[in-house]
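1. coords please:
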Amino acid sequence: MGYTKAVAVYVVLSAIISSTAALPEYHKVRTYYASGVYADEDIMLDEGEKYAVVTVSKINGEGIPTINLHDFVSGYSAIKDVANKTCYIQRSTHTMEGMKDEIYQAVINNGEYKISQRFDCIKQEPIVKSWLPMYGRRISAFCENYDSRFFEPKDVKLTKRSTKIVSQNALWCVFCLYDGCWQ
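-> Coordinates of the predicted model:
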């Protein structure tokens, strides 16, 4: 009877430890852009499920608030412009490691970090709703009730996003929407 209880306790403790290790982490950060614009963001990173949601809320300067989903399993990112009911999808140009580096940099800088690059897109194409599942179940559900478009950025190389500067796509949507990339 003692052996069975010990095994049961071990199984319960293992389940608790493994489930606590997989809990999402939440961060509030302020991103500064080279042009003097800054935005407040709420980041939810789920390493266990391999995705992140970044809510770009308050923007000081020109830009549009968005909700961004980075699905590291499917390899796609989606940017939801709620005000205009549009969801923009692209191949993700960064990794889970990069997102963790970005958050680490913000944490050691009291919740602040800078982005020095700008984003430009080459082209965009409308997506028929029945094609959404090809971008993965998360992206499909995220964009389901929105006019969806696939776009191709000018610089398509994959990057891990250095801890010194956040690479091109953390919150590029602020500039891209302002610059009329979607027209």
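2. for the chain, just list every one of the strands.
-> Counting by DSSP state E, the chain forms strands over residues 25-33, 38-46, 51-60, 66-71, 76-81, 86-91, 112-115, 121-126, 147-153, given from the N-terminal end onward.
3. turn those into a markdown table, including mean pLDDT.
-> What follows is the strands of the chain, written out as a markdown table (pLDDT from 0 to 100):
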| stretch | mean pLDDT |
| --- | --- |
| strand 25-33 | 91 |
| strand 38-46 | 94 |
| strand 51-60 | 92 |
| strand 66-71 | 95 |
| strand 76-81 | 94 |
| strand 86-91 | 93 |
| strand 112-115 | 81 |
| strand 121-126 | 79 |
| strand 147-153 | 87 |
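4. want to throw those strands into a markdown table with distance to L132?
-> C-beta: built from backbone N, CA, C; applies to glycine. What follows is the strands of the chain, written out as a markdown table (distance: least, C-beta to C-beta, whole Å):
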| stretch | distance to L132 |
| --- | --- |
| strand 25-33 | 27 |
| strand 38-46 | 21 |
| strand 51-60 | 16 |
| strand 66-71 | 12 |
| strand 76-81 | 10 |
| strand 86-91 | 8 |
| strand 112-115 | 29 |
| strand 121-126 | 12 |
| strand 147-153 | 6 |
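5. dump those strands into JSON lines; add distance to Y104 and mean neighbour count as well.
-> Rendered in JSON lines, the data for these read as follows (distance: least, C-beta to C-beta, whole Å; neighbours: other C-beta atoms under 10 Å):
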{"stretch": "strand 25-33", "distance to Y104": "10", "mean neighbour count": "17"}
{"stretch": "strand 38-46", "distance to Y104": "11", "mean neighbour count": "19"}
{"stretch": "strand 51-60", "distance to Y104": "14", "mean neighbour count": "18"}
{"stretch": "strand 66-71", "distance to Y104": "16", "mean neighbour count": "24"}
{"stretch": "strand 76-81", "distance to Y104": "20", "mean neighbour count": "24"}
{"stretch": "strand 86-91", "distance to Y104": "24", "mean neighbour count": "22"}
{"stretch": "strand 112-115", "distance to Y104": "10", "mean neighbour count": "19"}
{"stretch": "strand 121-126", "distance to Y104": "28", "mean neighbour count": "12"}
{"stretch": "strand 147-153", "distance to Y104": "25", "mean neighbour count": "17"}
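6. so which of these is nearest R138?
-> The closest approach between R138 and any of the strands of the chain, judged by C-beta to C-beta, belongs to strand 66-71 at 4.6 Å.
7. got the angle between the closest one and strand 38-46?
-> When axes from the mean of the first three to the mean of the last three C-alpha atoms, to 10 degrees is applied, the directions of strand 66-71 and strand 38-46 differ by 30 degrees.
8. against which helices or strands is strand 66-71 packed?
-> Using 3 or more C-beta pairs under 8 Å, 6 or more residues apart in numbering; DSSP states H and E as the contact criterion, the elements in contact with strand 66-71 are strand 51-60, strand 76-81, helix 137-143, helix 173-178.
9. no more questions from me, cheers.
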